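K.L.:
when you get a sec, could you give me coordinates for this:
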Amino acid sequence: MSKNSKQIIFSIAALVVGFGLIFVLSNFIHDRRPILPESYIDEDLALQGANLKGYSLGFEGLIADWYWMQSLQYIGDKVAKTEGVVNIENLKPLNPRLLYPMLDNATDLDPHFMVVYSYGAVVLPAIDPEQAIKIAEKGIAKNPNEWRLYQQLGYIYWRLGRFDEAYEVYSKGASINGAPAFFQMMAARMKTQGGSRETSRAMYRQMLDEAQDNQTKEIAQIRLSQLDSLDERDAIRAVLQSFKEKNNRCANTWSEIFPLLKAVKLPNGKDFRIDKANELVDPSDAPYILDKETCDVKLDESKTKIPSDLK
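P.N.:
Sure thing, here's the model as predicted:
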């Protein structure tokens, strides 16, 4: 056996033994660490992706995948342990302080890991908007010809109400080869109707069509359903007011206004939904609440899957 071969085998063996010792030592420390308050329960990452490049024997992509899967499990565990409804617009109460480092590590190891940038653009604004901008800008710097990354950064700025910056990003994205007409449309809308409901609908439809992971698809679908519910509630309120003016009282049941609702045309050809119990239901099939005191329609917070405060 040559001297070089012996050196290679010795190096690999040393790495294997080293990682084994780290694993044993980590378990030893983990089993004997003191109980910490909930706000400190997350362990800081022991390794940084940037420092691993060049020392992982060509397994950068595999380690990046590991960080990516860990980030999904990390947020999933946080949500699973939370009692009640999780507000997807504000995840700060979950204290997910390690999500950005995980996504940052994954993209340090694999700068072309597109789904990681996409996930960060959707989830991080609810945790730290500046981190969301940072991961999106990192993606563009590493992949300047990927139009989807411009879409994600434009989305973040739009969510923050920073329409001028969103306009600049969509305008730049529109010049990239292969970018869809959606960019030109959104650039124009950022100047005229950035905060409109129709702009929101176009944004989330595009997100749903282009999503590369299930979490992004689910969030986009929730937001589209919420927009449908907003349209429905606007129409229901108008019908309730019309009924009240004509009868000098609020409707006692939904069935009293069903004939009036049949004449209403909802946006995008949608129809109202009525369940087997003859209840008017929202897009998640939870019954709407008829508040007879205020003559208003409300979401049933205990049953609906639609957050009440989405944009």
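K.L.:
dihedrals phi and psi, the spatially most central residue of the chain?
P.N.:
When the chain is reduced to its mean C-alpha position, the nearest residue by C-alpha atoms, centre = their mean turns out to be V122, at 3.4 Å. The phi and psi values for V122, taken as degrees, to the nearest 10, are phi -80, psi -40.
K.L.:
which residue packs closest to it, ignoring adjacent ones?
P.N.:
T216 (5.0 Å; C-beta to C-beta, 6 or more residues apart in numbering). In this view, the C-beta of every residue, glycine as well, is placed from N, C-alpha and C.
K.L.:
grab the nearest non-local neighbour of G173.
P.N.:
Leaving aside its chain neighbours, G173 sits nearest to Y150 (3.0 Å; criterion: C-beta to C-beta, 6+ apart).
K.L.:
these two touch, right, that neighbour and I140?
P.N.:
Yes. Taking contacts as C-beta atoms under 8 Å, Y150 lies within contact range of I140: 6.6 Å.
K.L.:
for the stretch 101-250 of the chain, what spans make up the helices?
P.N.:
Listed in chain order, the helices of the stretch 101-250 of the chain (DSSP state H, counting those that start in this stretch) span residues 114-123, 129-142, 147-159, 163-174, 182-192, 197-210, 214-247.
K.L.:
those: which one's closest to A106?
P.N.:
Using C-beta to C-beta as the criterion, the shortest distance between A106 and the helices of the stretch 101-250 of the chain is 4.9 Å, found for helix 114-123.
K.L.:
before we move on, back to that, adding mean pLDDT and distance to D291, write the helices of the stretch 101-250 of the chain out as JSON lines.
P.N.:
Below are the helices of the stretch 101-250 of the chain laid out as JSON lines (pLDDT from 0 to 100; distance: least, C-beta to C-beta, whole Å):
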{"stretch": "helix 114-123", "mean pLDDT": "93", "distance to D291": "33"}
{"stretch": "helix 129-142", "mean pLDDT": "96", "distance to D291": "34"}
{"stretch": "helix 147-159", "mean pLDDT": "94", "distance to D291": "30"}
{"stretch": "helix 163-174", "mean pLDDT": "94", "distance to D291": "34"}
{"stretch": "helix 182-192", "mean pLDDT": "90", "distance to D291": "34"}
{"stretch": "helix 197-210", "mean pLDDT": "89", "distance to D291": "23"}
{"stretch": "helix 214-247", "mean pLDDT": "92", "distance to D291": "10"}
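K.L.:
distance to E279 added to the ones you listed, as a markdown table?
P.N.:
Putting the helices of the stretch 101-250 of the chain into a markdown table (distance: least, C-beta to C-beta, whole Å) gives the following:
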| stretch | distance to E279 |
| --- | --- |
| helix 114-123 | 33 |
| helix 129-142 | 39 |
| helix 147-159 | 33 |
| helix 163-174 | 39 |
| helix 182-192 | 36 |
| helix 197-210 | 25 |
| helix 214-247 | 13 |
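K.L.:
now for those helices, which one comes closest to R97?
P.N.:
Nearest to R97 among the helices of the stretch 101-250 of the chain is helix 129-142 (10.0 Å), distances taken as C-beta to C-beta.
K.L.:
list the helices and strands the closest one packs on?
P.N.:
Using 3 or more C-beta pairs under 8 Å, 6 or more residues apart in numbering; DSSP states H and E as the contact test, the elements touching helix 129-142 are helix 99-109, helix 114-123, helix 147-159.
K.L.:
give me that answer again for 6 Å
P.N.:
Judged by 3 or more C-beta pairs under 6 Å, 6 or more residues apart in numbering; DSSP states H and E, the packing partners of helix 129-142 are helix 114-123, helix 147-159.
K.L.:
the first one to helix 214-247, inter-axis angle?
P.N.:
Relative orientation of helix 114-123 with respect to helix 214-247: 30 degrees, computed using axes from the mean of the first three to the mean of the last three C-alpha atoms, to 10 degrees.
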